[in-house]
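Asker: no FASTA, just this:
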Ligand SMILES: Cc1cc2nc3c(=O)[nH]c(=O)nc-3n(C[C@H](O)[C@H](O)[C@H](O)COP(=O)(O)OP(=O)(O)OC[C@H]3O[C@@H](n4cnc5c(N)ncnc54)[C@H](O)[C@@H]3O)c2cc1C
Ligand SMILES: NC(=O)c1ccc[n+]([C@@H]2O[C@H](COP(=O)([O-])OP(=O)(O)OC[C@H]3O[C@@H](n4cnc5c(N)ncnc54)[C@H](O)[C@@H]3O)[C@@H](O)[C@H]2O)c1
């Protein structure tokens, strides 16, 4: 097989991977972009876009059921999952097509889009198994690995004897689960759990750890658990799934270990939401001498360089916080350093996240637990959402705002906004943190009344009252 030489190879056409090859091609480099599945990667096809589209349907069902509280009567509410799925698919395809057209516009003009699976056969050489069966060998001095991750498989006894859904396959259901069992109390378990409860399923979330979202403060986890339980979701903590067995009529029985002993739960569907594993096996990075960590993630330094000069890893495949905005920022770092001769790195970057349950949890910076562990002298501001006029007027009073402030410097160290539009409100604090504003700037600012953002003024006023 003869090799085709490129200046740059990008493996994985994720959200970040779609701009990056274009930038290099426009800079006059000869670029190959390899994708084995769908342009747009997980975020567009199986992650952010489809889930948030379906979360929107679920929220509408929830709001419609609450209509009478607002004096609005809409009749009995039912959810047609097939239409929910079709709407989701239409939006996903629209986003993917727009990404595809930007890439195909440069096809042959500096960019070769190769639809197939890449694996290393030597340090700077890859073999591509194209979807049409053809094989190609390509080389480049610069290689960017952005192959992401995939759902971890459930390994409990009997898992092979029942259909186990993951975050991708659950979005293809046409009929509503009667009782959805979910293993995992993290992002995916919570977003799908609330979504399917609002669609009309009975839902049980099984979490081995003492509380949901173990990385958040206890008060945040506890409030979220309370909210989910109020909506009728069964949340079992300190509960470890042990075994699953099929029953008649497509049902299944899950045996779990709880602090009180063994329990059995009968369900109609099972969603595994226990985390993700990196896409590094098929890539055979060992053939290039690329170092992985014990879990199979590619090891990089703060400039996202692997141990092999000229080979970089970006996005989820390098481990750490797994968000689209992190993957996008990784591309910014590498582009700055290689195309603009800059000196960007991951050091000290502020990574926010939002969990799209309702109300949303927007988080940035240090949690109270982390700040205390670091031995910092902190003050904690907290305000229930029912103290925010806008939340009261719109009937969205669940949750609270919380901010961690350095008592010596008055700088904001972090916040958790569990409330309506929590992700947007958190972003205001994030911007204040980026600008290194003291909390008093928000306390003393004038904000439009009545907005949710106005709650930030009241939040920081609690520190001085
Ligand atoms: C259900 C769900 C909901 C999510 N919601 C959010 C959210 O709301 N907000 C958020 O920020 N993040 C969310 N995420 C996380 C987000 O999707 C990921 O962090 C993001 O997609 C990571 O991007 P990436 O650059 O690592 O590549 P990915 O998006 O993982 O894409 C990697 C691409 O590489 C391709 N590939 C893999 N191996 C090879 C190979 N050997 N050869 C060729 N191609 C290959 C894959 O087919 C894939 O297209 C969600 C994830 C899931 C699963
Ligand atoms: N809104 C968002 O930004 C968003 C939404 C969805 C997913 N994501 C990304 O996708 C990643 C994966 O999400 P996830 O929810 O699968 O992982 P996660 O790491 O967030 O949660 C995994 C959960 O599974 C539990 N668990 C572990 N082993 C278990 C077992 N054997 N049985 C039962 N439970 C078990 C853990 O205690 C934890 O609660 C997230 O880390 C996040 O980065 C982000």
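Answerer: Done, it's in. Keep in mind that what you see is a predicted model, and the values were worked out from it rather than measured. Numbers count the residues shown, from 1 in each chain. Ligands and ions are numbered 1, 2, ... in the order given.

Asker: starting at the chain centroid, how far to the longest strand along the chain?
Answerer: For the chain, the longest strand by residue count, based on DSSP state E, is strand 111-122. Centre-to-centre, strand 111-122 and its host chain are 26 Å apart (CA atoms, centre = their mean, to the nearest Å).

Asker: tell me which strands and helices the helix or strand that that strand is followed by is in contact with?
Answerer: Sequence-wise, the next helix or strand downstream of strand 111-122 (DSSP states H and E) is strand 125-130. Contacts defined by 3 or more CB pairs under 8 Å, 6 or more residues apart in numbering; DSSP states H and E place strand 125-130 against strand 111-122, strand 135-139. The C-beta positions use only the backbone N, C-alpha and C, and glycine is treated the same way.

Asker: which one of the residues in the stretch 51-200 of the chain is closest to ligand 1?
Answerer: In the stretch 51-200 of the chain, the residue that lies nearest ligand 1 is residue 148 (1.9 Å; CB to the nearest ligand atom).

Asker: who's in contact with residue 311?
Answerer: With contact taken as CB atoms under 8 Å, 6 or more residues apart in numbering, residue 311 is in contact with 123-124, 143-145, 288, 290, 305.

Asker: inside strands: which ones of these?
Answerer: Those of those mapping onto strands are 143-145, per DSSP E.

Asker: ok, so of the residues you listed, who is nearest ligand 2?
Answerer: The closest of the ones in strands among the contacts of residue 311 to ligand 2 turns out to be residue 145 (CB to the nearest ligand atom; 18.4 Å).

Asker: so what's residue 17 up against?
Answerer: With contacts defined as CB under 8 Å, 6+ apart, residue 17 is in contact with 10, 33, 35, 41, 144, 146, 331.

Asker: returning to that earlier point: quick check, pLDDT for the nearest residue to the residue of the stretch 51-200 of the chain closest to ligand 1 once chain neighbours are set aside.
Answerer: Spatially, and ignoring its direct neighbours in sequence, residue 148 is nearest to residue 316 (4.7 Å; CB to CB, 6 or more residues apart in numbering). In this model, residue 316 is scored at 98, pLDDT.

Asker: next: residue 155.
Answerer: Taking residue 155 on its own, its pLDDT is 94.

Asker: one more: residue 388?
Answerer: With respect to pLDDT, residue 388 has a value of 98.

Asker: swap in residue 461?
Answerer: 98.

Asker: what sits against the residue nearest to it when sequence neighbours are not counted?
Answerer: Beyond its immediate neighbours in the sequence, the residue positioned closest to residue 461 (CB to CB, 6+ apart) is residue 443, lying 5.5 Å away. Neighbour list for residue 443: 457, 460-461, 463-464 [criterion: CB under 8 Å, 6+ apart].

Asker: helices of this protein, start to end?
Answerer: Per DSSP state H, the chain carries helices over the ranges 15-26, 41-45, 48-65, 81-104, 187-199, 218-230, 324-339, 368-373, 389-394, 422-434, 439-444, 454-461.

Asker: reformat the ones you listed as TSV; add distance to residue 356.
Answerer: As requested, the helices of the chain are exported to TSV (distance: least, CB to CB, whole Å):
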stretch	distance to residue 356
helix 15-26	17
helix 41-45	13
helix 48-65	5
helix 81-104	14
helix 187-199	6
helix 218-230	12
helix 324-339	13
helix 368-373	23
helix 389-394	18
helix 422-434	8
helix 439-444	25
helix 454-461	20
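
Asker: just to revisit the earlier point, which ones are touching the residue nearest to residue 148?
Answerer: Residue 316 is in contact with 42, 148-149, 276, 278, 322, 327, counting by CB under 8 Å, 6+ apart.

Asker: which one of these is nearest to residue 219?
Answerer: Taking CB to CB as the measure, residue 219 lies nearest residue 322 of these, at 24.8 Å.

Asker: pretty sure the closest one contacts residue 150?
Answerer: No - under the criterion of CB atoms under 8 Å, residue 322 makes no contact with residue 150, lying 11.4 Å away.

Asker: and stretch 322-340, how far out from the chain's middle?
Answerer: Counting by CA atoms, centre = their mean, stretch 322-340 is centred 17 Å from the centre of its parent chain.

Asker: residues contacting residue 419?
Answerer: Counting by CB under 8 Å, 6+ apart, residue 419 touches 359-360, 385, 388, 391, 396, 398-401, 425, 452, 455.

Asker: at 10 Å instead, please
Answerer: Contacts for residue 419 were tallied using CB atoms under 10 Å, 6 or more residues apart in numbering; they are 359-362, 383-386, 388, 390-391, 396-401, 425-426, 452, 455.

Asker: thinking again about what came up before, reformat the ones in strands among the contacts of residue 311 as JSON lines; add pLDDT, distance to ligand 2 and neighbour count.
Answerer: Below are the ones in strands among the contacts of residue 311 laid out as JSON lines (pLDDT from 0 to 100; distance: CB to the nearest ligand atom, whole Å; neighbours: other CB atoms under 10 Å):
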{"residue": "143", "pLDDT": "98", "distance to ligand 2": "25", "neighbour count": "27"}
{"residue": "144", "pLDDT": "97", "distance to ligand 2": "21", "neighbour count": "28"}
{"residue": "145", "pLDDT": "98", "distance to ligand 2": "18", "neighbour count": "28"}
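
Asker: distance of the residue nearest to residue 148 relative to ligand 1?
Answerer: Between residue 316 and ligand 1 the computed distance is 4 Å (CB to the nearest ligand atom, to the nearest Å).

Asker: got the domain boundaries for the chain?
Answerer: The record's domain parsing of the chain by automatic domain parsing lists 2-54+82-150+277-338, 159-274, 359-464.

Asker: out of these, which gets nearest to residue 350?
Answerer: Minimum separation from residue 350 across the domains of the chain (CB to CB) falls at domain 359-464, 6.3 Å.

Asker: for the closest one, how far is the first residue from the last?
Answerer: Using CA to CA, to the nearest Å, the end-to-end distance of domain 359-464 comes out at 27 Å.

Asker: how about the residues of the stretch 101-250 of the chain near ligand 2?
Answerer: Neighbours of ligand 2 within the stretch 101-250 of the chain, by CB under 6 Å from any ligand atom: 183-189, 191, 206-209, 241.

Asker: the residue of the stretch 51-200 of the chain closest to ligand 1: what's it in contact with?
Answerer: Counting by CB under 10 Å, 6+ apart, residue 148 makes contact with 12, 14, 17, 37, 41-43, 46-47, 276, 278-279, 314-317, 322, 327.

Asker: for residue 277, same thing?
Answerer: Per CB under 10 Å, 6+ apart, neighbours of residue 277: 149-153, 295-297, 316.

Asker: the same query, at a cut-off of 7 Å, please.
Answerer: By CB atoms under 7 Å, 6 or more residues apart in numbering, the contact set of residue 277 is 149-150, 152, 296.
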